[in-house]
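Q: The amino acid sequence is not available; the structure is as follows:
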């Protein structure tokens, strides 16, 4: 599975998000590939879903993939609650 994490500049918050998501996925036995990018570069990227802060996520609403909006980027529990069900769903579809 491939995800795109998005922030304003493409290397701070988005990289932290990607690493946290990969860690959560690994803890539950999933492998997640992806990239951290800025808002302008994210649009049109081919991926399974995108993750961003609530402010950035609003700018991605026109994308053809699920957008996960994170309110508190430091809250790993919020991140887990929002991304894990989608990771599990995608993994289940990929295994069919």
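A: Structure's in. What do you need? All values derive from a computational prediction rather than experimental measurement. Numbering: from 1, shown residues only.

Q: For stretch 84-96, buried residues please.
A: 84, 86, 87, 90, 91 (16 or more other CB atoms under 10 Å). Using the backbone N, CA and C atoms, a C-beta is placed for each residue, glycine as well.

Q: pLDDT on it, on average?
A: Stretch 84-96 carries an average pLDDT of 93.

Q: which one of the buried residues of stretch 84-96 is nearest residue 1?
A: Closest approach to residue 1 among the buried residues of stretch 84-96 (CB to CB): residue 90, at 5.0 Å.

Q: Return the residues in contact with the closest one.
A: 1, 48, 49 (CB atoms under 8 Å, 6 or more residues apart in numbering).

Q: Adding distance to residue 37 and neighbour count, write the residues you listed out as TSV.
A: Output for the contacts of residue 90, formatted as TSV (distance: CB to CB, whole Å; neighbours: other CB atoms under 10 Å):
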residue	distance to residue 37	neighbour count
1	17	17
48	15	20
49	14	21
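
Q: quick one: the strands in the chain?
A: Along the chain, counting by DSSP state E, strands occupy 2-7, 33-38, 49-53, 67-70.

Q: could I get those strands as a markdown table with mean pLDDT and distance to residue 18?
A: Output for the strands of the chain, formatted as a markdown table (pLDDT from 0 to 100; distance: least, CB to CB, whole Å):
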| stretch | mean pLDDT | distance to residue 18 |
| --- | --- | --- |
| strand 2-7 | 96 | 4 |
| strand 33-38 | 96 | 5 |
| strand 49-53 | 96 | 8 |
| strand 67-70 | 96 | 12 |
